[in-house]
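> for reference, the sequence and a predicted model appear below.
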Amino acid sequence: MSLDPRTPVLVGAGQFLHRAAGLEDALDASALMCEAVRLAAADAGLSSVPNPDSVRVVSLLSWKYGDPAWVVASQLGLSPRETAITTMGGNSPQTLVNGTALEIQRGELDIAILTGGEAWRTRMRARKAGAELHWPKAPADMFPRLLGEEFDMTHPTERARGIVLPVQVYPMFETAIRAVAGRTPDQQQVVSSELWARFSQVAAANPNAWIREAKTAEEIRTPSASNRMIGLPYPKLMNSNADVDMAAALIMCSAEKAQSLGVPRDRWVFLNSAADCHEHNFVSNRWSFAHTPAIELGGRQALQLAGVGIDDIEIVDLYSCFPSAVQLGAQSLGLSLDRQLTRTGGLAFGGGPWNNYVMHAIATVMNEVRERPGEKGLVWANGGYVTKHSFGVYSTTPPVAFQHAYPQDEIDALPKRALAEPADAAGPATIEAYTVMHSRDGEPEQALAACLLPDGRRAWCTTADIGLSEAMCTGEWVGREVTLNAEGTLDA
């Protein structure tokens, strides 16, 4: 089979982490990204970084560069015809790869450098020390192209109740998952901690992971001075670890460009197929906290376009900010939790540099499919509250033609729940999912719950009552009958 010269191909992958001793030897995120780009060029067998048509950066949080792609390009001495930045979300690296592949296929690009990184550990150190950072910024008149879908994922009613953080929402998914599975809280903690112990073992063997010390399941699930409870049932080790200084980079081009650059064929990795989609924007309107139909549909279509089923995939990396995300992803894709579902160690152990984790996953999967020619790898990326999904199927075997699915119309037509405002929800309700947020001292301080009303609508409620919050840390509260008041407060 002759290869279409416009076939998109990944030729280089680089990962870089920096364990600065202090602020004096720290690197800003753009410097981390430059190192990752240089490593990606070397990985492609190139003697220098090739000049691209586009430099594309995953949106970051540790510094406001204005146009971070311009900063990276200027530091590397590159002169791309455009610079670009993605929208926010952990799905962004895979979505960026998918979109870049389509542009290459259409002849709009020949070569692009994709990168992302965070110096969050250093930024937090500087804040704690009261030190001013003098990191670079782009000129004020530089405006990068914005890539990706941007939409609000937090409902105004959620925001009014203070439910705005992943550390609040993902634990609620966990409680709903265990209730549907018929497990007790203790049984579920064993399932999730054993899953996370397997992830930590992968990180221990990964030279690009941030935490390279394998943890036991008991260590992971047992609260301690170094593993404080954050949002029940998740102690610290079950949360994404953003306290890292890490970057990754990919070089993508057309097959024709790869040949002209002289990239050895054994470095080529093809994106066989891809998909992008999202659940109903707001968690408030999802039908269930224990099911993710958009993952099921988007993943199935990505696999179908590659001409494979899930059982044909040998290498898998599922987005892993919290155990509930992995469980939902595996369930929707038809994967057993006993499989190796991470190639990096995940966001808790491999490192969770905010939006850019998945670029590390892609870089790792690239190397694994190179080592195992003919096998296929699947990457699932997630943004928001298991909201935005992106899928990529990778192989050293080229597709007949790269194909991309966007099944959003079908997902938008799925059932939704109506949300009742507090004043309309007063009265009896049943807890559907919940968490108890803890202070930095590890003490219960606020309970959050999603409830179902007798008519099937959903309602949010909270309580700052310490006694009730403490009580909700014991036993199973999913399915419990409660009373809501007109202020949206739980009266158990």
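Looks like it arrived, so ask away.
> so Asp243 touches Thr122, yeah?
No. Taking contacts as CB atoms under 8 Å, Asp243 lies outside contact range of Thr122: 9.9 Å. Where C-beta positions appear, they are placed from N, C-alpha and C, glycine not excepted.
> who's more crowded, these two?
Applying other CB atoms under 10 Å to Asp243 and Thr122 shows that Thr122 carries more neighbours, namely 27 against 16.
> quick check: bridge partners of the residue lying farthest from the centre of the chain?
Most distant residue from the mean C-alpha position of the chain: Gly427, 37.4 Å away (CA atoms, centre = their mean). Beta-bridge pairing for Gly427 (DSSP bridges): Leu484.
> quick one: contacts for it?
By CB atoms under 8 Å, 6 or more residues apart in numbering, the contact list for Gly427 reads Leu453, Thr483, Leu484.
> got a pLDDT number for it?
What the model reports as pLDDT for Gly427 is 96.
> distance-wise, check it relative to Arg265.
Look at Gly427 and Arg265: by CB to CB, to the nearest Å, they are 67 Å apart.
> now Gln304
Distance of Gln304 to Arg265, given as CB to CB: 28 Å.
> who has more neighbours, these two?
Shown here are Gln304 and Arg265; by other CB under 10 Å, Gln304 has more neighbours (14 against 11).
> can you confirm that one is in a helix?
Yes. With DSSP: H, G, I helix; E, B strand; the rest coil as the criterion, Gln304 is assigned to a helix.
> helix, strand or coil for Ser320?
At Ser320 the chain is in coil, as set by three-state DSSP.
> when you give positions from now on, start the count at 278
Yep, numbering from 278; the last one is Ser597 now.
> contacting residues for the closest residue to it other than its chain neighbours?
With CB to CB, 6 or more residues apart in numbering as the criterion, Ser597 has its nearest non-adjacent residue at 3.4 Å, and that residue is Gly623. Gly623 makes contacts with Trp473, Phe476, Val479, Ala480, Ser597, Val603, Gly629, as judged by CB under 8 Å, 6+ apart.
> do you know how far Gly623 is from Val646?
Computed as CB to CB, the Gly623 to Val646 distance reads 19 Å.
> partners of Ala396 in the sheet?
Counting by DSSP bridges, Ala396 is bridged to Asp522.
> hmm, Leu300 and it touching each other?
No. Ala396 is beyond contact range of Leu300, at 10.6 Å (criterion: CB under 8 Å).
> more neighbours: which of these two?
Remark: of Ala396 and Leu300, Ala396 carries more neighbours, 30 against 12, as counted by other CB under 10 Å.
> residues contacting that one?
Neighbour list for Ala396: Ala303, Leu304, Asp305, Ala306, Leu309, Ser339, Trp340, Asp522 [criterion: CB under 8 Å, 6+ apart].
> which among those residues gets closest to Glu556?
Of all these, Glu556 sits closest to Ser339, with 27.9 Å by CB to CB.
> send me stretch 315-331 as CSV with only the CA atoms.
Provided in CSV are the C-alpha atoms of stretch 315-331 (Å, rounded to 0.1, in the frame of the first residue of the first chain):
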residue,chain,number,x,y,z
ARG,A,315,14.9,19.7,22.1
LEU,A,316,14.4,16.1,23.4
ALA,A,317,11.6,15.6,20.9
ALA,A,318,13.8,16.7,18.0
ALA,A,319,16.6,14.3,19.2
ASP,A,320,14.0,11.5,19.5
ALA,A,321,13.1,12.1,15.9
GLY,A,322,16.8,11.6,15.0
LEU,A,323,17.2,15.2,14.0
SER,A,324,20.4,17.2,14.8
SER,A,325,18.4,20.4,15.6
VAL,A,326,14.8,21.5,16.2
PRO,A,327,13.1,21.9,12.7
ASN,A,328,11.4,25.2,11.9
PRO,A,329,7.7,24.5,12.0
ASP,A,330,4.7,26.1,10.4
SER,A,331,3.1,26.3,13.8
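> which residues are contacting that stretch?
With contact meaning CB under 8 Å, 6+ apart, stretch 315-331 is reached by 288-293, 314, 353, 355-361, 377, 386-390, 392, 526-528, 538-541, 544, 640.
> stretch 643-655 now?
The contact list for stretch 643-655 (CB under 8 Å, 6+ apart) reads 287, 290, 527, 543-544, 546, 549, 576, 579-580, 583, 585, 587, 589-594, 610, 620, 642, 668-674.
> which of those residues are buried?
Buried members of the contacts of stretch 643-655, scored by 16 or more other CB atoms under 10 Å, are 287, 290, 527, 544, 546, 549, 576, 579-580, 583, 585, 590, 592-594, 610, 620, 642, 668-673.
> which ones among these lie within strands?
Among the buried ones among the contacts of stretch 643-655, the members found in strands (DSSP state E) are 287, 290, 527, 546, 549, 592-594, 668-672.
> now, among these, which is nearest to Pro413?
Here the nearest of those to Pro413, counting by CB to CB, is Leu527; it sits at 22.4 Å.
> ok, that closest one - contacts?
287, 289-291, 317, 374, 390-392, 636, 639-640, 643.
> rewinding a little: turn the contacts of Gly623 into a markdown table, including secondary structure, distance to Pro413 and neighbour count.
Formatted as a markdown table, the contacts of Gly623 follow (DSSP: H, G, I helix; E, B strand; the rest coil; distance: CB to CB, whole Å; neighbours: other CB atoms under 10 Å):
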| residue | secondary structure | distance to Pro413 | neighbour count |
| --- | --- | --- | --- |
| Trp473 | helix | 37 | 27 |
| Phe476 | helix | 35 | 27 |
| Val479 | helix | 35 | 21 |
| Ala480 | helix | 31 | 23 |
| Ser597 | coil | 32 | 28 |
| Val603 | helix | 37 | 24 |
| Gly629 | coil | 24 | 25 |
